[in-house]
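[1] what follows is a predicted structure for the sequence shown.
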Amino acid sequence: MRFDVEKQNFTSLVESGQTKSSEIFIHEEIRPLLNRVETSHYNKGHMIFSEGKIVRGIYQVHYGKVKVYKQGSDGKKLIMNLCKPGDFIGYRCLFMGNYPSSVSAEILENASLSYFPREEFMQYVNSNKNIMSYFSQLLVRELEYVQDKIAGMAYMPVRGRLAETLLTLDGLYTDDACIADEGVTKKNGICVSREDLAGMIGTVKETVIRLLSEFKLSGLVKTRGKSIIILKPKGLMKINEMYR
């Protein structure tokens, strides 16, 4: 069963597909609405919305990162997506109305977000079909992504899932993406807790720690605090390919 690395961030897929890029889309279509809303700053750990609660608007990330996850009956979090600057969160409310959210959104790194109340956003959307088309495509890609994630967890061993996820995260973090108190500025530093990493691949923290140690012994990665620096991406790709 193929579980494409490119599908790890479904928003990026839409942006690079048949629709316009996120930057062009925002400037051309949403700028009038952006000028009418306030941007709020949130610290790591702040809950944007919770599973089971009604989401009454759409959020857009300006800087920082947000994790979107489901929580199991055992309390473990399965991280469905990491949202980066330019991504939208909570847009299902456009299609589902006052229906409880099936996921939670939490600040992973200190972040700045804009908030669009659903009613106001819908008024704007009704006069601009391109925007609704954009979010419709996002929703379709999200469903495809979830299907692939479930298939990957069912058919790909944890070792392969970790290698694949590290490659995906490598594309989300840049030179200055790591947290300041870690003192890591080297390129490819992935700043994510082992618990969150376990939540992304559907396993426990202890398994992630063990596999990272194996990757370190093989010279594929090195770590500094919570940060992971990829040394040999081709080696991780080879591990990922073994299980496809």
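    All right, it came through fine.
[2] which other residues reach stretch 36-51?
    Residues from elsewhere that reach stretch 36-51 (C-beta atoms under 8 Å, 6 or more residues apart in numbering): 55, 59, 62, 64, 66, 70-71, 89-90, 100-116. To be clear about C-beta, it is placed using only N, CA and C from the backbone, and glycine gets the same treatment.
[3] break this structure down into its domains, please.
    Per the record, the chain has its domains at 5-153, 156-242, by automatic domain parsing.
[4] let's see the PyMOL selection covering just the buried ones among the contacts of stretch 36-51.
    In PyMOL, this line selects whichever of the contacts of stretch 36-51 come out buried by 16 or more other C-beta atoms under 10 Å:
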select buried, resi 55+59+64+66+89+90+101+103+104+105+106+107+108+109+110+111+113+114+115+116
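[5] just the ones of the contacts of stretch 36-51 in strands?
    Within those, residues falling in strands by DSSP state E are 59, 62, 64, 66, 70-71, 89, 104-116.
[6] now the domains of the chain in CSV, with mean pLDDT?
    Shown next, in CSV, are the domains of the chain (pLDDT from 0 to 100):
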stretch, mean pLDDT
domain 5-153, 78
domain 156-242, 82
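[7] show me which helix runs longest in the protein.
    helix 129-155 (DSSP state H).
[8] from Lys67, how far out is the spatially closest residue to Ile201 that is not a sequence neighbour?
    Excluding its sequence neighbours, the residue lying closest to Ile201 (C-beta to C-beta, 6 or more residues apart in numbering) is Arg161, at 4.1 Å. Shown here: Arg161 relative to Lys67, a distance of 17 Å by C-beta to C-beta, to the nearest Å.
[9] kindly report the same for Met96.
    Met96 is 21 Å from Lys67, by C-beta to C-beta.
[10] the two: who's more crowded?
    Counted by other C-beta atoms under 10 Å, Met96 and Lys67 do not tie: Lys67 has more neighbours, with 22 against 14.
[11] surely that one meets Val103?
    No - Lys67 is beyond contact range of Val103, at 9.8 Å (criterion: C-beta atoms under 8 Å).
[12] pairing partners for the residue nearest the centre of the chain in the sheet, please.
    The chain has Leu82 as the residue nearest its centroid, 1.4 Å off, counting by C-alpha atoms, centre = their mean. Note on Leu82: beta-bridge partners Lys67, judged by DSSP bridges.
[13] separation between it and Gly57?
    Distance, Leu82 to Gly57, using C-beta to C-beta: 21 Å.
[14] in this structure, which spans are helices?
    Using DSSP H, helices in the chain cover 10-16, 22-25, 31-34, 93-96, 118-126, 129-155, 158-170, 194-201, 205-217, 233-242.
[15] any buried residues in the longest one, and which?
    Applying a neighbour-count criterion of 16+ other C-beta under 10 Å, one finds Ile131, Tyr134, Phe135, Gln137, Leu138, Leu139, Arg141, Glu142, Tyr145, Asp148, Lys149, Gly152 buried in helix 129-155.
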